[in-house]
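> Got a predicted model here, sequence first, then my questions.
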Amino acid sequence: MTLLSLSSLKVSLGQRPVLKGITLDVAAGEFIGLIGPNGAGKSTLLRAALGLLRGSGDIRIAGRDTKAISARERAHHIAYLPQEREIAWPVSVETLVAFGRAPHRSLGGLSAQDIAVIEQAIQRMEIDEFRHRSAIELSGGEKARVLIARALAQDAPLLLADEPTVGLDPWHQITLMRIFADLAREGRGVIASMHDLGLAARWCTRLIMIDHGMIVADGSPEAVLTAERLRQVYGVTSFIDTIAGGMVVQPLDVDRKAH
Ligand SMILES: Nc1ncnc2c1ncn2[C@@H]1O[C@H](COP(=O)(O)OP(=O)(O)OP(=O)(O)O)[C@@H](O)[C@H]1O
């Protein structure tokens with residue numbers, strides 16, 4: 001099933017063309033790593049797909065034109081983790097995660113289903129031990145995990161996550177990759193913008209590389225992450241190998257001749 005379909009999507013910010021004709025389909029079961037250099041247009045692509053930015057082209061969510069879908073209904077289809085990790089309200093962690101249920105709630109309190117989904121998100125992100133603390137006093141990585149839990153509590157078929165591993169220690173980075181891989185295996189879709197090519201190579205089922213607002217590669221990690229492409233697009237030399245369980249990719253040095 002196609003969860004999201006972008007066709008010839010173009011977006012300009014200010015006078016600057018940022019997305020220059022993006023076409024892609026996201027199917028249930030995919031864990032897509034959206035990769036590319038700083039300023040390539042990754043956040044813009046995620047925000048445009050959510051309907052937060054205007055542009056030209058076609059955006060379909062579960063086969064329906066986004067213009068015909070209300071914001072509330074869209075939130076039933078797509079959960080979003082923004083790049084900003086700022087938490088403005090001094091509410092408890094548990095309350096903040098419960099905000100993820102907002103699109104599902106009518107007047108009245110949390111349903112048994114709401115409580116079960118919130119609890120699962122809290123357990124999955126391992127934030128149980130600070131669930132009663134104020135969210136604004138947490139460390140950067142703890143805040144990131146709480147905000148991911150809020151997105152998981154939305155319980156949408158598609159999750160768009162903008163640099164979700166930033167600020168997480170190796171344990172929590174890998175745990176998060178496992179959670180996203182599990183969500184995909186459960187039949188959801190995940191698109192995560194990422195700069196850690198090693199994590200992307202190892203855990204994503206598909207990588208989409210963008211550069212200067214265009215898709216320059218789309219396919220399996222093995223197909224996308226070649227040394228030559230990393231040299232051309234990022235201007236780095238890399239170590240690339242395949243071991244049991246997947247690829248190992250480690251950028252080694254800048255290649256000033258390539259950039
Ligand atoms: N409001 C804006 N007005 C003009 N240009 C903008 C605006 N917001 C972003 N841009 C530009 O759009 C381009 C793409 O930005 P975007 O945040 O989508 O990149 P990105 O791939 O997510 O980058 P990063 O990896 O650094 O987060 C950048 O060149 C950026 O400077």
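That came through fine.

> what are the ranges of the strands in the protein?
2-13, 16-27, 31-35, 56-61, 64-65, 78-81, 158-162, 189-193, 206-211, 214-219, 236-243, 246-254 (DSSP state E).

> Out of these, which gets nearest to A227?
Nearest of these to A227, taken as Cβ to Cβ: strand 236-243 at 5.3 Å. No exception for glycine: its C-beta is placed from N, CA and C like everyone else's.

> what distance separates the closest one from the centre of its chain?
Distance, stretch centre to chain centre, for strand 236-243: 24 Å (Cα atoms, centre = their mean, to the nearest Å).

> do stretch 105-120 as well
That offset, for stretch 105-120, works out to 24 Å (Cα atoms, centre = their mean).

> Ends of it, what's the gap?
One end of stretch 105-120 sits 17 Å from the other (Cα to Cα, to the nearest Å).

> sorry, back to before: rank the strands of the chain by mean pLDDT and give me the bottom one.
The minimum mean pLDDT among those belongs to strand 64-65 (a mean of 88).

> which other residues reach that one?
Strand 64-65 has contacts (Cβ atoms under 8 Å, 6 or more residues apart in numbering) with D58, I59.

> how about the residues of the protein near the ligand?
L13, G14, R16, V18, G36, N38, G39, A40, G41, K42, S43, T44 (Cβ under 6 Å from any ligand atom).

> How about T2: what's its closest non-neighbour residue?
D25 (5.2 Å; Cβ to Cβ, 6 or more residues apart in numbering).

> ok, back up a step: turn the strands of the chain into CSV, including mean neighbour count and distance to A181.
As requested, the strands of the chain are exported to CSV (neighbours: other Cβ atoms under 10 Å; distance: least, Cβ to Cβ, whole Å):
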stretch, mean neighbour count, distance to A181
strand 2-13, 18, 16
strand 16-27, 17, 15
strand 31-35, 26, 6
strand 56-61, 17, 23
strand 64-65, 12, 28
strand 78-81, 22, 16
strand 158-162, 23, 12
strand 189-193, 26, 8
strand 206-211, 22, 12
strand 214-219, 16, 18
strand 236-243, 14, 17
strand 246-254, 14, 11
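
> Format the ones you listed as a markdown table; extra columns: distance to L230.
As requested, those are exported to a markdown table (distance: least, Cβ to Cβ, whole Å):
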| stretch | distance to L230 |
| --- | --- |
| strand 2-13 | 25 |
| strand 16-27 | 21 |
| strand 31-35 | 10 |
| strand 56-61 | 28 |
| strand 64-65 | 37 |
| strand 78-81 | 26 |
| strand 158-162 | 22 |
| strand 189-193 | 17 |
| strand 206-211 | 9 |
| strand 214-219 | 10 |
| strand 236-243 | 5 |
| strand 246-254 | 7 |
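
> Nearest to R133, out of those?
strand 78-81 (20.4 Å).

> and the closest one, which strands flank it?
When sheet partners are counted by DSSP bridges, strand 78-81 sits next to strand 158-162 (parallel).

> how many degrees apart are the strand it pairs with and strand 56-61 in direction?
Interaxial angle, strand 158-162 versus strand 56-61 (axes from the mean of the first three to the mean of the last three Cα atoms, to 10 degrees): 120 degrees.
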